[in-house]
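J.: here is my input; please provide its structure:
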Amino acid sequence: MKAVVTVAVDTTVRDAISRLARAGFTGSDDAPTLAQFQEWVKEGLVHYFVAGNGMGGGSSSGSSSGSEITSWVESTYASTTVGGVTVYDLTSASS
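T.: Here you go, the predicted model:
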């Protein structure tokens, strides 16, 4: 039973990461809503958030959910800089 659950979770996480990555590059693919992203964080499916669009991706024609997610993360979690990149640990909220 545990193996089946692990496979299901792994598949869900891979799908979520795939959708996030595509949305980041084109700005028009399925991107999660703020509520959906918050649920993923609550369920432990997302552990880190990397600020900025270091790949040069993203389009202003996409939805505003990306900026809503960024604002929520910035106001809820502490950041650290790793190799010149701002990273948020979503496993513990700021106090």
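J.: tell me the SS of Ser75?
T.: helix (DSSP: H, G, I helix; E, B strand; the rest coil).
J.: for Glu68, see how far away it is.
T.: Per C-beta to C-beta, to the nearest Å, Ser75 is found 11 Å from Glu68. Every C-beta, even on glycine, is put in place using the N, C-alpha and C of the backbone.
J.: of these two, who's got more company?
T.: In this view Ser75 and Glu68 are compared by other C-beta atoms under 10 Å, and Glu68 has more residues nearby, 14 against 8.
J.: give me the buried positions along the host helix or strand of Ser71.
T.: Per DSSP states H and E: Ser71 is located in helix 65-76. Across helix 65-76, burial judged by 16 or more other C-beta atoms under 10 Å covers Ser65, Gly66, Ile69, Val73.
J.: doesn't Ala31 make contact with the second one?
T.: Yes: using C-beta atoms under 8 Å, Gly66 is in contact with Ala31, at 6.1 Å.
J.: can you give me the helices for this protein?
T.: For the chain, the helices defined by DSSP state H cover 2-26, 34-42, 65-76.
J.: so what secondary structure elements neighbour the helix holding Ser71?
T.: helix 34-42, strand 48-50 (3 or more C-beta pairs under 8 Å, 6 or more residues apart in numbering; DSSP states H and E).
J.: model confidence over stretch 72-89, on average?
T.: The average pLDDT for stretch 72-89 rounds to 93.
J.: tell me the buried residues in it?
T.: Buried, per 16+ other C-beta under 10 Å, within stretch 72-89: Val73, Tyr77, Tyr88.
J.: go through those residues and name the one nearest Tyr48.
T.: Tyr88 (6.7 Å; C-beta to C-beta).
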